[in-house]
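Undergrad: Need a 3D model of the sequence below.
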Amino acid sequence: MTSTQLPNSEQSSDNHRPIRNDGLVHQQLYETDFVEWINQAVVLLKQSKFSELDLENLIEEVESWGRSEKNVLRSNLRILLLHLLKWQYQPGKQSGSWRRSIREHRIRIQEAFTDSPSLKNYYIDSFGESYRKARQLAADETGLGISTFPTESPYTPEQVLESEFLPEVQGISA
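TA: Here you go, the predicted model:
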């Protein structure tokens, strides 16, 4: 079988290859087949075979999951704030897609809070910086000067997540 061929059903199996006791084989998988490395880690964890795990990379990956969740939250918040600014400062260009984006990113943030309630604190901590970046993006996307948009967020963190909140229009239609 070449590397581009998929295994047929007879070759495919849910059974995993045996793992050497020193964790070396599991560690080698990290560099050659990440998905199989994850599968093997799950098997080893379920079997309580901790000495066979590639602990160094496993710890690194677990730490990165937390960073990823925070990055996703910041990204969703930045996009949400961007669309709120565009809604407020470009009323002539308001559209259903902006409203949908506002709703979608609120939903994503709320779902993140449901899955990881500790992200609520991070949301508050990162709100100011996320707004500053959204302000810059709003200036870029709208062609309006950066000074058009308030230096500090005109919206509270709570307002931003309110399902029906839309900011009052500012009368600029550029």
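Undergrad: Does the closest residue to residue 134 other than its chain neighbours belong to a helix, a strand or coil?
TA: Excluding the flanking residues, the one nearest residue 134 by Cβ to Cβ, 6 or more residues apart in numbering is residue 81, at 3.6 Å. Glycine gets a C-beta too; all of them are placed from N, C-alpha and C. At residue 81 the chain is in helix, as set by DSSP: H, G, I helix; E, B strand; the rest coil.
Undergrad: burial count for residue 109?
TA: 20 (other Cβ atoms under 10 Å).
Undergrad: how close does the residue lying closest to residue 101 once chain neighbours are set aside sit to residue 49?
TA: Spatially, and ignoring its direct neighbours in sequence, residue 101 is nearest to residue 83 (5.0 Å; Cβ to Cβ, 6+ apart). Distance, residue 83 to residue 49, by Cβ to Cβ, to the nearest Å: 49 Å.
Undergrad: Same check on residue 128?
TA: Residue 128 sits 46 Å away from residue 49, going by Cβ to Cβ.
Undergrad: These two: who's more crowded?
TA: Set side by side, residue 128 and residue 49 show more neighbours around residue 49, with 15 against 12, by other Cβ under 10 Å.
Undergrad: ok, the more buried one to residue 37 distance?
TA: Counting by Cβ to Cβ, the gap from residue 49 to residue 37 is 15 Å.
Undergrad: And the worst-scoring helix or strand of the chain on mean pLDDT, what does it pack against?
TA: Between all helices and strands in the chain, the lowest mean by mean pLDDT, DSSP states H and E belongs to helix 24-32, at a mean of 82. With contacts taken as 3 or more Cβ pairs under 8 Å, 6 or more residues apart in numbering; DSSP states H and E, helix 24-32 sits against helix 34-46, helix 55-89.
Undergrad: about what we covered before: how about the residue nearest to residue 101, what does it touch?
TA: Residue 83 is in contact with 98, 101, 102, 105, counting by Cβ atoms under 8 Å, 6 or more residues apart in numbering.
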